[in-house]
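>>> what shape does this take:
(one chain, ligands or ions: 1)
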Amino acid sequence: MERSTYGTELLGRTLAGETEPDESPLTHLAVIPTRTAEFAPWPEWVHPAVRSAFVERGIARPWTHQVRAAELAVAGRHVSICTGTASGKSLAYQLPILTRFAQDPNATALYLSPTKALGTDQLRSVASLVAGLPEFSHLQPCMYDGDTEQELRQWARLHSRWIFTNPDMLHLGINSTHAKWRQFFARLTYIVVDECHHYRGVFGSHTALVLQRTLRLARMYGADPVVIGASATVANPAQALSRLIADDVVAVTEDASPHGERTVALWEPGFLEQTRGEHDAPVRRPAGAEAARLLADFVIEGARTLCFVRSRRGTEVTARKAQQLLAEAAPELADRVAAYRAGYLADDRRRLERALADGELLGVATTNALELGVDISGLDAVIVAGYPGTVASFWQQAGRAGRRGEGSLVVLIARDDPLDTYLVHHPEALLERSVEATVTDPHNPYVLGPHLLCAATEAPLTERDVTAFGAHDLVEELVADGLLRRRKAGWYPAPGLDPHGEIDIRGGAGGQVLIVDSTTARLLGTVDSGRAKRSVHPGAVYLHQGESFVVDELDLHDSLALAHPEEPDWTTSVRETSDIEIVRTLDARNFGPLTVAFVEVVVTDQVTGYLRKALSGEILDSVPLDMPEEVLPTRAVMYTLEPETLIAAGVAPDKFPGALHAAEHAAIGMLGLVATCDRWDIGGLSTNAHSGTGLPTVFVYDGYPGGAGFAERGFEAFAAWIGATADAVAACACRAGCPSCVQSPKCGNGNEPLDKEMALKVLRLLGRLHD
Ligand SMILES: Nc1ncnc2c1ncn2[C@@H]1O[C@H](COP(=O)(O)OP(=O)(O)OP(=O)(O)O)[C@@H](O)[C@H]1O
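Reported below is the predicted structural model:
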């Protein structure tokens, strides 16, 4: 095949003879043209040893954006580099940092990444760059994360000048024991925050506060580090990093690296002929099965392919299915496909990365564990099985395709879900939309409060600290609760306070539940305790490295789920009841019979049982469960409508429940269009007459204590969000509602009642009234 138009040709071959033209799964095709490189000379200040290390790696000259970012950092400015995937962002931060190390043997630096795989990859690249060079013999770059052994931890603290870590460990293993790190803090020159766009929602807010605590400690020890942020896909990169570090930031966004032609295909699987889902809804071929088929096809064509699948379980299933297809069509290729995901041992991951990089593996089904930065170049095609939730993630995944200067193919396969369906039919909403603003709210008191306690135990809070954290009211509350004490010099922790372990940086409320194989006592994995009732309740199916288990017992008190190996041919989905209480209105807009509000709420949930479903989607039975109630104080976007207006719009009172419920589901599925979240981050509730409003009311709330900023975006962008939701429901080809429009995979009421036609009337009415 022609290398520059490789992507389009590969797609053509795959589609050839596959279906009748009018049944083509292809909904849109876009070609992103080639870009040529722009180079700059090596700046004068770059240490000769650093320059020659790069030149020896084959990097004759830097690209212009690399020099620009590096120069800003050297000049002492915090800088946020936002250029495409594989555009050499690493070199942009390595230049100033390595130069500094070569000049000052005592200088130290910190590298922060959201995933282990990326941290290890970057460490390896730095270590190999400086290996054997006398200028860097003191550097000893070192990983410092949860996997680092005790002896190595102490060694790293004393001898390493460049620590590679993650926000979790920075919080728990460095900030909390800062006195032991005194030398390191005192000489801290640079902090790299890689893949900035990843720090969003509650995780982003926690990371912001962890970083601000780190900067406070560094300043306390006399250092003033420069922060360099990097991301291929973040909206408003200066603001995104600035919110993380609470300081001014300059952005570098002109990308001068070259890339080949990239063909992007949007793909919607057809309906399955024999199968019907809940309430007899039509069912599309699952995105995972479609992805497995394409993966096998691409491998047969000799294309090195990465296939992104949303769930860990999905990666296993997709890889297995592709292997089966290859075993029939091209048996010699069957073992050149594998699965890759977080949760594998580090050695296994390394082996898979190497096998993919050197072509021994041709196809890999992966979770987003391979989305971030791991330098796997030389891929011909990327399959994205299910919209990954944000435009930013989509481009991260798409960006993995493309050997330097050569053509590549990206296929997005829509899942049976409103947002996916909408995007493959409205390509402009994906391909021409700028990436989402990262929503973080470091002022959320549920997040900020515990960090203030940590900061106070690290070093008493001064008036200036409290102002910097924007936390005067909260500090008073913590004093009133007896957690902080006011002294002349500032705020001190109450004696015995040990707050670090209480914080879960990843946003889960209250730690992890361990999942154990009861037949062998082997630890299979963990799940956030907040999600345990839904994902590892008795009877739930749990997949681990290709093996399937069924949960027998969930002990919430001891945070333990016991499971046994079993390969059932059904899946489960929970049923639950919910109630919502409005605590206070934060903001509201009135449009006559419609009121849209942003409110503080308390949601009370109870899992009452689960449905067992055959793999075809057919429901087998419903099993009751006895689970404790769960209470979530959070924030919601809410709307109320006058009943008369609904009736005048053609929605009869007996249709209210189905109309509102279906409108709520569709809107939840579409919130990801305006906020960086997916439907698993949010919840919803609709009611004919809510006790707090007395009116037909729909709530969409953040699934995190104190909120995560998603509902607030829904409130701000209400018209765009609801307009797109109405379009998505109207465009769906099904008759009475399906998972692509108004059904929800996480509905606690088994998707009952739902009325698609009436939901559309409600959504259109909202649009008209809001204008
Ligand atoms: N100026 C340059 N000239 C040629 N090749 C370069 C140059 N700078 C970097 N590279 C190469 O480009 C590849 C990608 O670089 P790197 O991994 O730093 O990109 P990145 O922008 O950090 O990627 P990601 O978005 O995946 O994090 C590497 O193999 C690197 O060696």
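>>> C-alpha only now, for contacts and for neighbours.
Fine.
>>> next secondary structure after the lowest-mean-pLDDT helix or strand in the chain?
In the chain, the helix or strand scored least confidently by mean pLDDT, DSSP states H and E is strand 271-276, which has a mean of 74. Per DSSP states H and E, strand 271-276 leads on to strand 282-284 as the next helix or strand towards the C-terminus.
>>> in terms of secondary structure, what does that following strand contact?
strand 271-276 (3 or more CA pairs under 8 Å, 6 or more residues apart in numbering; DSSP states H and E).
>>> quickly run through the sheet partners of the strand it packs on, with directions.
strand 282-284 (antiparallel) (DSSP bridges).
>>> what comes up buried for the strand it pairs with?
282, 283, 284 (16 or more other CA atoms under 10 Å).
>>> so which of these comes closest to residue 217?
residue 284 (54.2 Å; CA to CA).
>>> for the closest one, which non-adjacent residue is closest in space?
Spatial nearest neighbour of residue 284, chain neighbours left out: residue 271 (3.9 Å); criterion: CA to CA, 6 or more residues apart in numbering.
>>> which residues touch the one you found?
By CA atoms under 8 Å, 6 or more residues apart in numbering, residue 271 lies in contact with 282, 283, 284, 285.
>>> distance of it from the ligand?
Residue 271 is 36 Å from the ligand, where distance means CA to the nearest ligand atom, to the nearest Å.
>>> cool, and residue 687?
45 Å.
>>> hey, what's that residue bridged with?
Bridge pairing for residue 687 - DSSP bridges - gives residue 697.
>>> just the strands from the stretch 651-771 of the chain, written as ranges.
682-687, 697-702 (DSSP state E, counting those that start in this stretch).
>>> format those as CSV; extra columns: mean pLDDT, mean neighbour count and distance to residue 349.
Shown next, in CSV, are those (pLDDT from 0 to 100; neighbours: other CA atoms under 10 Å; distance: least, CA to CA, whole Å):
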stretch, mean pLDDT, mean neighbour count, distance to residue 349
strand 682-687, 92, 22, 32
strand 697-702, 96, 26, 34
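>>> switch those over to TSV; also include distance to residue 531.
As requested, the strands of the stretch 651-771 of the chain are exported to TSV (distance: least, CA to CA, whole Å):
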stretch	distance to residue 531
strand 682-687	12
strand 697-702	14
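>>> out of these, which comes closest to residue 523?
Among the strands of the stretch 651-771 of the chain, if distance is taken as CA to CA, the winner is strand 682-687, at 29.4 Å.
>>> on that earlier part again, quick one: closest of the strands of the stretch 651-771 of the chain to residue 751.
Comparing the strands of the stretch 651-771 of the chain against residue 751 with CA to CA, the closest turns out to be strand 682-687 (12.3 Å).
>>> and the closest one with strand 697-702, angle?
170 degrees (axes from the mean of the first three to the mean of the last three CA atoms, to 10 degrees).
>>> what's strand 682-687 packed up against?
Against strand 682-687 (3+ CA pairs under 8 Å, 6+ apart) you get strand 570-591, helix 656-670, strand 697-702.
>>> do that again at 6 Å, thanks
strand 697-702 (3 or more CA pairs under 6 Å, 6 or more residues apart in numbering; DSSP states H and E).
>>> not counting the strand it packs on itself, show me its contacts.
Contact partners of strand 697-702, identified using CA atoms under 6 Å, 6 or more residues apart in numbering, comprise 635-640, 682-687, 708, 711.
>>> tell me the one of the residues you listed nearest the ligand?
Nearest to the ligand among the contacts of strand 697-702: residue 708, at 26.1 Å, using CA to the nearest ligand atom.
>>> how far away is the closest one from residue 714?
12 Å (CA to CA, to the nearest Å).
>>> show me which of these two is the more surrounded one.
Just comparing residue 708 and residue 714: by other CA atoms under 10 Å the higher neighbour count belongs to residue 708, 31 against 28.
>>> doesn't residue 201 make contact with that one?
Yes: counting by CA atoms under 6 Å, residue 708 does reach residue 201; the two are 5.1 Å apart.
>>> grab the longest helix from the protein for me.
Ranked by residue count, the top helix of the chain under DSSP state H comes out as helix 201-220.
>>> compute the inter-axis angle for it and strand 697-702.
Using the same axes, to 10 degrees: helix 201-220 against strand 697-702 is 40 degrees.
>>> quick one: helix 201-220 to chain centroid distance?
Centre-to-centre, helix 201-220 and its host chain are 19 Å apart (CA atoms, centre = their mean, to the nearest Å).
>>> which helix or strand lies directly C-terminal to it?
Immediately after helix 201-220, counting by DSSP H and E, sits strand 226-231.
>>> tell me which strands that following strand pairs with, and in which orientation.
Strand 226-231 is paired, per DSSP bridges, with strand 79-82 (parallel), strand 188-193 (parallel).
>>> now the longest one, how far from the chain's geometric center?
So the one you mean is strand 188-193. Relative to the chain's own centre, strand 188-193 is displaced by 24 Å; criterion: CA atoms, centre = their mean.
>>> got a list of contacts for it?
By CA under 6 Å, 6+ apart, strand 188-193 touches 108, 109, 110, 111, 112, 223, 225, 226, 227, 228, 229.
>>> and if we set it to 8 Å?
Here strand 188-193 has contacts from 93, 97, 107-113, 218, 223-230, using CA under 8 Å, 6+ apart.
>>> quick check: phi and psi on the residue of the chain most remote from its centre?
Within the chain, the residue lying farthest from the chain centre (CA atoms, centre = their mean) is residue 488, at 43.4 Å. Residue 488 adopts backbone torsions of phi -60, psi -40, taken as degrees, to the nearest 10.
>>> tell me how far it lies from residue 463.
From residue 488 to residue 463 the distance is 10 Å (CA to CA).
>>> now do the helix or strand encompassing residue 348: distance to the chain's middle.
Following DSSP H and E, the helix or strand that holds residue 348 is helix 346-357. Relative to its parent chain, helix 346-357 has a centroid offset of 22 Å by CA atoms, centre = their mean.
>>> look up phi and psi at the residue of the stretch 551-700 of the chain found nearest the ligand.
Residue of the stretch 551-700 of the chain nearest the ligand, by CA to the nearest ligand atom: residue 676 (19.1 Å). With angles defined as degrees, to the nearest 10, residue 676 sits at phi -80, psi 70.
>>> surely it meets residue 390?
Yes: Residue 676 lies in contact with residue 390 (CA atoms under 8 Å); the separation is 5.9 Å.
>>> okay, the two: which has more neighbours?
residue 676 (26 against 19).
>>> per-residue pLDDT of that one, please?
pLDDT, residue 676: 71.
>>> now do it against residue 622, distance only.
Where residue 622 is concerned, residue 676 sits at a distance of 34 Å (CA to CA).
>>> repeat that for residue 592.
Residue 592 is 43 Å from residue 622, where distance means CA to CA.
>>> can you check the pLDDT for the residue nearest to the spatial centre of the chain?
The centroid of the chain falls nearest to residue 198 when counting by CA atoms, centre = their mean (6.2 Å). Confidence at residue 198, expressed as pLDDT, is 83.
>>> circling back to that earlier point, with distance to the ligand added, can I get the contacts of residue 271 in a markdown table?
Formatted as a markdown table, the contacts of residue 271 follow (distance: CA to the nearest ligand atom, whole Å):
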| residue | distance to the ligand |
| --- | --- |
| 282 | 39 |
| 283 | 36 |
| 284 | 33 |
| 285 | 32 |
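>>> which bits of the protein sit near the ligand?
Residues of the chain lying near the ligand by CA under 6 Å from any ligand atom: 59, 61-63, 84-91, 232, 373-375.
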